[in-house]
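# fold the following, please.
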Amino acid sequence: MSQKPWQLGIDFGTSNTAAAHTGAVSGSVETLPLTHQGNLMASSVFVESPDNIAVGDVAINQAERNPAAYMASPKRSIGHGMVTVNGYNIASSVPVAAVLQNVMSRATAVHGGHSPSQLVLTHPEAWSPREIQTLLDAAADLGLDTSKVKTVSEPRAAAHYYTRTNTLQPGTKIGVFDFGGGTLDIAVLEANDAGTFDVIAARGDNGLGGKNFDAFIRRWIDDELEARNPDLLAYLRQSAPVNVVHNLDDSIRRAKELLSEAPSATITVAGGGFHETIQITRDEFEDLIDAPLQKAVSLTRATLNDAGVTDSSQLEALYLTGGSSRIPLVHNLLGELGPLATLDDPKTVVAQGALSAVAPVLRGMAAGAAPQYGQPGQPPQYGQP
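The predicted structure follows:
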């Protein structure tokens, strides 16, 4: 029996990578588990050599052995052309290719060793053609025919995911607020006659995301330790090994995520014979992140103005995606700008929507005639229709 053609979508993120595929049995778009724990894989890499690169949790585990070989967020280096890591000067596409290869290997294993008939990669709306080409260069290392590789912007993919169950009338405007671990991307899209979307305004901040909030909490922890256990603070700053710092970072991240559901959370700080358990409340966390969130709201308002949206009634919905969009204060602050909408796991909707964006007739996604697309990966000028 011949192998059924299948498609793979990869959302290569600053902190985590997610993927979706057309299921081997159902043919519907499904998230692809990338670890034993869930659907997300850390985008981190450990460069032993250009030909030997570990990714995800394996990379994090090896970082203690040689911190100079570790890259926590290779996506941040895509625009650099070349990057120096562990004494090697390598193209910025090389660590990206390692992440993509890991996802591809997991996906092909699910499909009996067969390669996908199409690979769709997502990218920020504001990426330049050079940055998109770096992503395509990384994909070329996977051995796929270049005609099988497509790109789509993250807001466009998210829009297709969120509107997959209903068809919007041409001219209807929606917003996408994509708040991930390392970046914030905002876009306003308008439904067109072809059944797809035109991006009519986009703004973003490549330095604002959940990692910033982790850093704010870490500084807060330092202040607490200064008063409670200065010896532990000195140990963390001067001699703590990588695994101790990583455990603290992981405890901070888990506490941050828990604060989206609970009024308080605890953070464990341990190492060097010391141990402290520190409680942080949601109110304290919101005080820490209020200023950057106000900046995010200002960027969103400016993007809406760029698109000619001056009243919330002109917007069908403002869709929130990305893990940081779960924070309750984000919802509270954005609520006045338009009707908010969230569905399912905000961390995986872009990967799923990527497949719909290039082929909306896939089962399990938006119904309707297949739209015609222009050249993929052509970002608009900010603020221009």
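
# pretty sure P263 contacts I280?
No. Applying C-beta atoms under 8 Å as the test, P263 and I280 come out as separate, 10.4 Å apart. All C-beta atoms are positioned from the backbone trio N, CA, C, and that covers glycine.

# looking at these two, which one has more neighbours?
Remark: of P263 and I280, I280 carries more neighbours, 21 against 9, as counted by other C-beta atoms under 10 Å.

# partners of the helix or strand hosting that one, with directions?
I280 belongs to strand 274-281 when elements are defined using DSSP states H and E. Strand 274-281 has these partner strands in its sheet, going by DSSP bridges: strand 264-271 (antiparallel).

# which outside residues touch the partner strand?
217, 221, 225, 232, 235-236, 240-241, 244, 247-248, 251-252, 254-256, 258-259, 275-282 (C-beta atoms under 8 Å, 6 or more residues apart in numbering).

# picking that back up, got the CA coordinates for the strand holding I280 in CSV?
Extracted in CSV, the C-alpha atoms of strand 274-281 (Å, rounded to 0.1, in the frame of the first residue of the first chain):
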residue,chain,number,x,y,z
PHE,A,274,21.8,26.3,51.1
HIS,A,275,18.1,26.0,50.7
GLU,A,276,15.4,28.6,50.5
THR,A,277,11.7,28.5,49.5
ILE,A,278,10.4,31.9,48.6
GLN,A,279,6.7,32.7,47.9
ILE,A,280,5.7,35.2,45.3
THR,A,281,2.1,36.5,44.9
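
# next, the buried residues of it.
For strand 274-281, burial by neighbour count (16 or more other C-beta atoms under 10 Å) applies to 274, 278, 280.

# which residues does the second one form beta bridges with?
This means I278. I267.

# contacting residues for it?
I278 touches 221, 224-225, 228, 266-267, 269, counting by C-beta under 8 Å, 6+ apart.

# now these as CSV including distance to L334?
Shown next, in CSV, are these (distance: C-beta to C-beta, whole Å):
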residue, distance to L334
I221, 28
E224, 30
L225, 34
R228, 36
T266, 29
I267, 27
V269, 33
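
# which one of those residues has the most neighbours?
V269 (25 neighbours).

# where exactly do the helices run in the stretch 101-250 of the chain?
129-140, 154-162, 210-228, 230-238, 242-258 (DSSP state H, counting those that start in this stretch).

# check which helices and strands the fourth one sits against.
Here helix 230-238 touches helix 210-228, helix 242-258, strand 264-271, strand 274-281, going by 3 or more C-beta pairs under 8 Å, 6 or more residues apart in numbering; DSSP states H and E.

# mean pLDDT for the ones you listed: which is lowest?
Mean pLDDT is lowest for helix 242-258 among the helices and strands packed on helix 230-238, at a mean of 92.

# tell me the one of the contacts of I278 nearest K150?
I267 (42.0 Å; C-beta to C-beta).

# for K148, see how far away the closest one is.
45 Å (C-beta to C-beta, to the nearest Å).

# next: A63.
Look at A63 and K148: by C-beta to C-beta, they are 34 Å apart.

# also L225?
Separation of L225 from K148 (C-beta to C-beta): 52 Å.

# which among the helices of the stretch 101-250 of the chain is found nearest to S28?
Among the helices of the stretch 101-250 of the chain, the nearest to S28 by C-beta to C-beta is helix 154-162 (13.2 Å).

# need the residues that contact that closest one.
With C-beta under 8 Å, 6+ apart as the test, helix 154-162 has contacts from 9, 11, 122-125, 174, 176, 178, 185-187, 189, 196-197, 199, 202, 317, 319, 321, 341, 343, 349-354, 356-357, 360, 365-366.
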